[in-house]
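# Everything below, folded, please.
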Amino acid sequence: AELGEIIKAAKAAKKPKEEWDSSLQEMLSLKSKYAKDKNKDKNAAKAAAKAAKEAKKAANRAERERREREKAAKLAAVSADAFGDTPMMQSQKVTDKIWTSISQLTPALNDQEVLVEDICKPVDKWGKEFFVWCDLRCIRYKGLGVCFQGKDIPAAMVQYVAGVPSESVVDIKGKVTIPNEPIESATQKMVEIQMFQFHVVVKAKMALPFQMEDALSKVALPFQMEDACQPDSGRETDVGAYNEDEEPEDEDGIVRVGQKMRLDYRWLDLRTPANQSIFRIESMVGCLFRECLLKKNFVEIHTPKLISGASEGGSEVFTLDYFGQPACLSMSPQLHKQICAACSGFERVFETGPVFRAENSNTRRHLCEFTGLDMEMVIQEHYDEVLDVFSDLFIYIFDGINKRCKSELERVREQHPFEDLQYLRPTLKLTYAEGCALLREAGVEQDDYDDLSTENEKKLGNIVKEKYHTDFFFMDKYPLAVRPFYTMPDPENPKLSNSYDFFIRGQEILSGAQRIHEPDLIEERAKAWGIDVKDIESYINSFRYGALPHGGGGIGLERVVMLFLGLPNIRKAAWFPRDPKRIAP
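Predicted coordinates:
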């Protein structure tokens, strides 16, 4: 400031510059020095602020990283216990876990923790990471599991559950709760599981084909499981030719799975509640068949299915080479069960086993391989003794199904609606001639000595239902010409025979007769049928040492189940059907 005043005064006095220039230079030097010092302080302040800012960023970054590490560690700990893929089950260990089946989930378990292993289908997810619910299916039962994001359920678990491929096998742990409203899509309508543990035991490699699946899916499922569970549209005819390539009608806009696709992927089709129930009912029929006959002092036998000649004559057999000898698959255990009952002292025998028919019949009621329920027994006076046993047997089976398979019947009815089978006690009996007369009275041509066609059998079944109020009946005294060679002729009319058929809903389910027990007559009848007696020489010889009068019959298991349940196609009652066009899977 002093230098500035000196310079200002010198300029006012108009002194030469030389006199005050030194003061000016000194002042400029001081100003320059001041400016440098000021910038230095400012730069230092800026540097300090920048360093502080960077330090704060580094501290924040370190804090975030610490929180992420803690979160990851916590999530890893939760994941190990709460969700994820389990190692392959190779029977590594035995635990004290207690499992609950879907069928056991009732309101009585409200607020209790349960452990469930079932097939799972994630159904929907609400929000990006908030809520997922999935169907849980086991055998014929279906429940609902839900998973909410929250304090103990991380978003990653919700995402994991939502991404599990349908039909995967999962272990679920959760708490049973009662929903505000019944769950219409489930059999266990009054409960749901609040899941807090979810582990995939076996991950399905197949994804549903009619929707986009996540990138983990490699192969497409052939059909939606929901589509395979749809009720039938209309009714498939149960007579006439059958073509498995025919697709189901889509009259109501509902997608349905065709029979061919069902059978091509039978292992999936069998998972539906209706099929689970059909084959449990079929199993029960076999159980009831055994129960009833064992109570009546029958003995179960097991006869060969490889034989040297056709057991019933004709050419409808599957032939094969048996170590250089011609042989065939058995059409029936007929000859062997006769030997056991009439010639070997067992007197009352039965068998359950495969039966093979090389019939090129492409219908809804024929198979090339089916399960035969066969019975043979000694008679004292009349073959009515056999008919009485069969009548008791079928009533025992029908009663048993209705009593022991109530839930299964309802599961079938949901997909394949049917009317309950009506049957009388004792079973209605008609002669073949009486059946033919009923047809003629209804305007249907039918001669007393001609075989019944499939169409006429159906018509007769409808007539009998209307007149006698029963779906189940039998007829005897069939024409001898339409029965096998071993059938006993009628003692009064040589054109007739002591034979009989049983019917359900107008279709035959059993064929039987009194058998010939005199070897000379057996040989005579075999020759009349064009059967080489050398092929059945051991059978004929078994009667030369004394044989008891006897009779019996053979039942088609699949056909009984098909007709009891009112199914239109026998393939629906056969585990893995064999017909002229199908030999796989």
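# what's the weakest-modelled helix or strand in this protein?
strand 219-220 (a mean of 44; mean pLDDT, DSSP states H and E).
# residue ranges with poor pLDDT in the stretch 51-200 of the chain?
For the stretch 51-200 of the chain, applying pLDDT under 70 flags the ranges 71-80, 123-133, 139.
# Tell me which stretches of it form strands.
83-85, 113-126, 131-138, 141-148, 168-177, 192-202 (DSSP state E, counting those that start in this stretch).
# Rebuild the ones you listed as a markdown table, extending it with distance to residue 527 and mean neighbour count.
The way it works is simple: take the backbone N, C-alpha and C, and place the C-beta from them, glycine included. Output for those, formatted as a markdown table (distance: least, Cβ to Cβ, whole Å; neighbours: other Cβ atoms under 10 Å):
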| stretch | distance to residue 527 | mean neighbour count |
| --- | --- | --- |
| strand 83-85 | 70 | 18 |
| strand 113-126 | 59 | 18 |
| strand 131-138 | 59 | 22 |
| strand 141-148 | 59 | 21 |
| strand 168-177 | 61 | 19 |
| strand 192-202 | 61 | 20 |
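# And those strands: which comes nearest residue 91?
With Cβ to Cβ as the criterion, residue 91 lies closest to strand 192-202 of these, at 13.0 Å.
# now the strands for the stretch 351-500 of the chain?
Per DSSP E, counting those that start in this stretch, the stretch 351-500 of the chain has strands spanning 369-378, 428-431, 472-476, 499-504. These are given in chain order.
# returning to what we had before: can you list the strands of the stretch 51-200 of the chain in CSV and add distance to residue 500?
Compiled in CSV, the strands of the stretch 51-200 of the chain are given as follows (distance: least, Cβ to Cβ, whole Å):
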stretch, distance to residue 500
strand 83-85, 60
strand 113-126, 46
strand 131-138, 43
strand 141-148, 42
strand 168-177, 49
strand 192-202, 51
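# one step back: format the strands of the stretch 351-500 of the chain as JSON lines; extra columns: mean pLDDT.
Compiled in JSON lines, these are given as follows (pLDDT from 0 to 100):
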{"stretch": "strand 369-378", "mean pLDDT": "98"}
{"stretch": "strand 428-431", "mean pLDDT": "98"}
{"stretch": "strand 472-476", "mean pLDDT": "98"}
{"stretch": "strand 499-504", "mean pLDDT": "98"}
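# would JSON lines of these with distance to residue 296 and mean neighbour count be doable?
Output for the strands of the stretch 351-500 of the chain, formatted as JSON lines (distance: least, Cβ to Cβ, whole Å; neighbours: other Cβ under 10 Å):
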{"stretch": "strand 369-378", "distance to residue 296": "9", "mean neighbour count": "23"}
{"stretch": "strand 428-431", "distance to residue 296": "20", "mean neighbour count": "17"}
{"stretch": "strand 472-476", "distance to residue 296": "18", "mean neighbour count": "23"}
{"stretch": "strand 499-504", "distance to residue 296": "17", "mean neighbour count": "24"}
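# Can I get these in CSV including distance to residue 533?
Supplementary listing: the strands of the stretch 351-500 of the chain in CSV, determined by distance: least, Cβ to Cβ, whole Å:
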stretch, distance to residue 533
strand 369-378, 22
strand 428-431, 32
strand 472-476, 28
strand 499-504, 22
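# From residue 526, how far off is residue 485?
As judged by Cβ to Cβ, to the nearest Å, residue 485 and residue 526 stand 5 Å apart.
# typo on my end, residue 51
Counting by Cβ to Cβ - residue 51 and residue 526 are separated by 114 Å.
# When the two are compared, which one has more neighbours?
residue 526 (21 against 10; other Cβ atoms under 10 Å).
# if we look at the helix or strand containing the more buried one, which residues are touching it?
Using DSSP states H and E, residue 526 sits in helix 519-528. Contacts with helix 519-528, where a contact means Cβ atoms under 8 Å, 6 or more residues apart in numbering, come from 313, 485-487, 516, 533, 536, 539-541, 543-544, 547.
# For the residues you listed, which ChimeraX command selects only the ones that are buried?
Buried residues within the contacts of helix 519-528, by 16 or more other Cβ atoms under 10 Å, are selected in ChimeraX with:
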select :313,485,486,487,516,536,539,540,543,547
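# Kindly reformat the contacts of helix 519-528 as a markdown table containing pLDDT and secondary structure.
Output for these, formatted as a markdown table (pLDDT from 0 to 100; DSSP: H, G, I helix; E, B strand; the rest coil):
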| residue | pLDDT | secondary structure |
| --- | --- | --- |
| 313 | 55 | coil |
| 485 | 92 | coil |
| 486 | 93 | coil |
| 487 | 96 | strand |
| 516 | 96 | coil |
| 533 | 89 | helix |
| 536 | 86 | helix |
| 539 | 87 | helix |
| 540 | 93 | helix |
| 541 | 92 | helix |
| 543 | 93 | coil |
| 544 | 94 | coil |
| 547 | 95 | coil |
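# before we move on, the earlier item: quick one: which of the strands of the stretch 51-200 of the chain is nearest residue 432?
Here strand 141-148 is closest among those (Cβ to Cβ), at 46.7 Å.
# If you count contacts, what does the closest one end up packed against?
strand 113-126, strand 131-138, helix 155-162, strand 192-202 (3 or more Cβ pairs under 8 Å, 6 or more residues apart in numbering; DSSP states H and E).
# try 6 Å this time
Packed against strand 141-148 by the contact rule (3 or more Cβ pairs under 6 Å, 6 or more residues apart in numbering; DSSP states H and E) you find strand 131-138, strand 192-202.
# right, and these - which one's nearest residue 37?
Going by Cβ to Cβ, the one of the helices and strands packed on strand 141-148 nearest residue 37 is strand 131-138, 66.8 Å.
# Buried residues, stretch 294-310. List them.
Neighbour-count burial for stretch 294-310 [16+ other Cβ under 10 Å]: 298, 301, 303, 307-310.
# what's around residue 403, how many residues?
Other residues within reach of residue 403, judged by other Cβ under 10 Å, total 9.
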